[in-house]
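J.: Show me the folded form of this:
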Amino acid sequence: MDIRIDDLSGPEVKQILTEHLKDMFTASPPECVFALDLDGLKKPNITFWTVWEDRQLLGCGALKILDKTHGEIKSMRTTGAARNKGVASTLLRHILDTAKQRGLNTISLETGSQDFFAPARKLYAKHDFTECGPFSDYKLDPHSVFMSREL
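T.: Numbering: from 1, shown residues only. Below is the predicted model of the structure:
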C-alpha cells in the first residue's frame, strides 16, 4: 500500500468523496452531516491522504489541525473493494503517527451514532479512541458520537 498526500484533483478522489458525502447525507439528517467537500478539504490546516495499490484507490483520510496540540480526523473512507483488508487501520496509524510528529497531543473525531457508522466506531475503539464530549465547534447531538485519544 502506498499512502501519499493528495491534492484532491484526480477523478478517483472526487468519486470516493462524492460517494462519502452521499452516504453521510443518506445516513444522517442534513444538519448533522459534518463531512467536508473538496473545497473544505483544501484548507491550509488540513492534510489529505489517499491510499493506493498500484493504480487502484483504496481509501482516503485527513488530519485537520484545530490548534497547536489538538487535531481532528476527517473524511476516513475506504472503497468497497478495499473494505475489511486493513486499509483503514493502516491509514489511521499513518495519520496518528503524523499527528504525533507534528507535536499534537490529542486527536478527536466525530462520527455518526446510527448503525451505519458502527464499523467506524469499532475501528476507532480498536485504535484506543474513547467517547468524549463535543470538541471544537461541535454541539451535543443525538446523531453524533465524539471520540478522542491522547498521543
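
J.: mean confidence score for stretch 32-42?
T.: For stretch 32-42, mean pLDDT rounds to 94.

J.: Report the distance from that stretch to the chain centre.
T.: 11 Å (Cα atoms, centre = their mean, to the nearest Å).

J.: for stretch 25-33, same thing?
T.: That offset, for stretch 25-33, works out to 16 Å (Cα atoms, centre = their mean).

J.: Figure out the length between the terminal residues of that stretch.
T.: One end of stretch 25-33 to the other measures 6 Å (Cα to Cα, to the nearest Å).

J.: Output the contacting helices and strands for the biggest helix by length in the chain.
T.: Ordering each helix of the chain by length in residues (DSSP state H) puts helix 11-27 first. On a contact count with 3 or more Cβ pairs under 8 Å, 6 or more residues apart in numbering; DSSP states H and E, helix 11-27 meets helix 38-41, strand 56-65, strand 70-78. For the C-beta atoms, the positions are set from N, CA and C on the backbone; glycine is no exception.

J.: Distance check, residue 7 against residue 47.
T.: Residue 7 sits 11 Å away from residue 47, going by Cβ to Cβ, to the nearest Å.

J.: Settle it for me: which of these two has more neighbours?
T.: residue 47 (19 against 10; other Cβ atoms under 10 Å).

J.: and that one, that one's in a strand?
T.: Yes: assessed by DSSP: H, G, I helix; E, B strand; the rest coil, residue 47 belongs to a strand.

J.: Tell me which residues touch it, please.
T.: The contact partners of residue 47, by Cβ atoms under 8 Å, 6 or more residues apart in numbering, come to 5, 62, 63, 98.

J.: hmm, 7 Å instead?
T.: 5, 62, 63 (Cβ atoms under 7 Å, 6 or more residues apart in numbering).

J.: For it, name its beta-bridge partners.
T.: Under DSSP bridges, the beta-bridge partners of residue 47 are residue 63.

J.: With that, I have no additional questions.
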